[in-house]
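Novice: quick check, what structure comes out for this input:
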Amino acid sequence: MNGVEAAKRRLRSEFRAKVAMLPSEVSEQSDRAIQNRVLSLPEFLVADSIFCYVGVQGEIATTTLIDVALSARKRVAVPMVGANRLMEARVIADLHSLRKGAFGLLEPDASMPVLHPCEIDLSLVPCVSCDRMGNRLGQGGGYYDRYLSMCQSLAVALCRDVLISAELPTEEHDVPMDIVGTESALYRRIV
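Specialist: Model (predicted):
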């Protein structure tokens, strides 16, 4: 393990402990504020197709975002990890069609249509932490970095204010986010 990987592992532990200490009412208020910020994004409003994770404990809840997008007749795809350990975006009609899959995450059935990475307008991405420059610290599996490297979509990481870092260590394969959305701000990466 190199120094960057060790630093990332240490940061993941620190941020997971921070999330575990958050009272549920604080997390719920945070989720609502972040959801409202995303719903007001011009890029969300004009997107025809959205790739969105389904939040699990500790992550920003996304079911409201998915419901709003579906109600607006957008194509919504959620991640599914296949047997080859590669992530795919599968189109869903509603949240009731999701089942527990890999890692206990809610996933679509394998029979749902695949949304090709080049067809995605906007990707909503989970994180353990982000910095204001768009660098993202994920769970460590590399699934989103591999997938987003194939996309041309705008990538938006959803991150609580308390989990924003001054600066995160990065590696060559890390895909920066175009926008980091928190309760209090939208941080747009300048390129």
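Novice: break down the protein into its helices, ranges please.
Specialist: 3-20, 24-39, 42-46, 63-71, 143-148 (DSSP state H).
Novice: packed most tightly, which of the ones you listed would that be?
Specialist: When the helices of the chain are scored by mean count of other Cβ atoms under 10 Å, the highest mean neighbour count falls to helix 143-148 (a mean of 19). For glycine as for every other residue, the C-beta is placed from the backbone atoms N, C-alpha and C.
Novice: send over it as PDB, restricted to the C-alpha atoms.
Specialist: C-alpha atoms of helix 143-148 as PDB (Å, rounded to 0.1, in the frame of the first residue of the first chain):
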ATOM      1  CA  TYR A 143     -16.500   1.500  -8.800                       C
ATOM      2  CA  TYR A 144     -17.600   5.100  -9.400                       C
ATOM      3  CA  ASP A 145     -14.100   6.100 -10.700                       C
ATOM      4  CA  ARG A 146     -14.100   3.300 -13.300                       C
ATOM      5  CA  TYR A 147     -17.700   4.100 -14.300                       C
ATOM      6  CA  LEU A 148     -17.400   7.800 -14.500                       C
END
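Novice: still on that earlier bit, adding distance to residue 169, write the helices of the chain out as TSV.
Specialist: Shown next, in TSV, are the helices of the chain (distance: least, Cβ to Cβ, whole Å):
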stretch	distance to residue 169
helix 3-20	5
helix 24-39	24
helix 42-46	28
helix 63-71	29
helix 143-148	14
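Novice: mind checking which of these is nearest residue 88?
Specialist: Among the helices of the chain, the nearest to residue 88 by Cβ to Cβ is helix 143-148 (8.1 Å).
Novice: so for the closest one, what's the average pLDDT?
Specialist: The average pLDDT within helix 143-148 is 94.
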